[in-house]
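K.L.:
Pasting the sequence and the predicted model now:
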Amino acid sequence: MMGGMRWVTFDCFGTLVDWRHGISTSAELIAPGQGARLLEAYNRHEHAVEAESPGSRYRDVMAEALRRACAEEGVRLNPDDAGVLAATLPYWPVFAEVGGELSALREAGWRLALLTNCDRDLVAETRRRLPVPFDAVVTAEDAGAYKPAHDHFELFRNTYEPETWVHVAQSYFHDMEPAYRLGLARVWINRLGDLPSDRTVVPHIQSDLHNLLAAVETA
């Protein structure tokens with residue numbers, strides 16, 4: 001229990017780790033030349049799989065979303081290749097600015113946590129590549145649900161009782177909208193240059209994590 005402390009929570013994949021690069025390059029291993037197409041198709045299917053089976057392990061969600069993406073794009077997928085995303089996920093690259101920006105937050109007295117749509121074993125492997133330690137992690141396996149459901153946020157709040165809490169994430173749908181509905185301070189890391197459907201949902205927008213300490217303390 002760390003009640004009364006200042007916390008910054010992060011989504012992991014897309015915010016700290018280059019999720020798009022990881023999926024597209026992994027897809028290239030099983031379907032050379034098709035990585036970009038399969039990435040976009042995968043994005044169209046993952047949330048539906050999570051919504052259909054909120055208690056499923058994330059490695060199974062990824063495998064099923066990849067199967068559907070390949071079927072949609074007419075790409076042959078060998079049955080034993082469906083697990084390629086889970087196999088490569090621990091090696092997906094961390095964005096270059098992560099170490100410096102998270103270090104600045106820690107030095108300023110902020111505690112750091114991950115709220116991730118991932119399994120415990122997979123995020124444990126990813127944490128080995130993150131250049132800064134985290135004080136807490138809430139996974140989909142812990143929450144029994146996938147964001148944008150509120151379970152991650154509620155579990156974190158009930159466990160750590162933050163006095164001050166800012167949520168930082170790349171996904172408008174999975175993170176910014178539920179954080180807005182829960183009344184959390186939030187910073188949108190809009191790496192893709194998307195246009196928000198409602199600007200009030202994302203009052204603080206950055207293209208990456210640079211100068212994040214100032215944004216967090218303003219939020």
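P.N.:
It's in.
K.L.:
list the contacts for the closest residue in space to residue 143 that isn't next to it in sequence?
P.N.:
Excluding its sequence neighbours, the residue lying closest to residue 143 (CB to CB, 6 or more residues apart in numbering) is residue 151, at 3.8 Å. Any C-beta I mention is one placed from the backbone N, CA and C, and that applies to glycine too. For residue 151, the contact set (CB atoms under 8 Å, 6 or more residues apart in numbering) comprises 143-145.
K.L.:
Now do the buried residues in stretch 25-38.
P.N.:
Under the neighbour-count criterion of 16 or more other CB atoms under 10 Å, stretch 25-38 has 25-28, 30-31, 34-35, 37-38 buried.
K.L.:
With stretch 134-142 instead?
P.N.:
Quick answer for stretch 134-142 (16+ other CB under 10 Å): 134, 136-142.
K.L.:
quick one: which of those residues sit in strands?
P.N.:
Counted as lying in strands by DSSP state E, out of those, are 136-139.
K.L.:
what's the farthest-apart pair in these?
P.N.:
Maximum pairwise distance in these, criterion CB to CB, is 10.8 Å, between 136 and 139.
K.L.:
Report the contact partners of the closest residue to residue 11 other than its chain neighbours.
P.N.:
What sits nearest to residue 11 in space, not counting adjacent residues and going by CB to CB, 6+ apart, is residue 169, at 3.7 Å. Contact partners of residue 169, counting by CB under 8 Å, 6+ apart, are 10-11, 14-15, 175-176, 179, 186, 188-189.
K.L.:
Also residue 187?
P.N.:
With CB under 8 Å, 6+ apart, residue 187 has these contacts: 166-168, 204-206, 212, 215-216, 219.
K.L.:
Looking at those residues, which is nearest residue 87?
P.N.:
residue 168 (28.1 Å).
K.L.:
Would you agree that closest one is in contact with residue 216?
P.N.:
Yes. Shown here, residue 168 and residue 216 form a contact pair, counting by CB atoms under 8 Å, at 7.0 Å.
K.L.:
And the strands in the chain?
P.N.:
With DSSP E, the ranges of strands along the chain come out as 6-10, 111-116, 136-139, 164-169, 185-189, 205-206.
K.L.:
For those, give me CSV that also has distance to residue 196.
P.N.:
Supplementary listing: those in CSV, determined by distance: least, CB to CB, whole Å:
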stretch, distance to residue 196
strand 6-10, 19
strand 111-116, 20
strand 136-139, 25
strand 164-169, 13
strand 185-189, 7
strand 205-206, 8
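K.L.:
before we move on, the earlier item: let me see the confidence value for the residue nearest to residue 143.
P.N.:
With respect to pLDDT, residue 151 scores 98.
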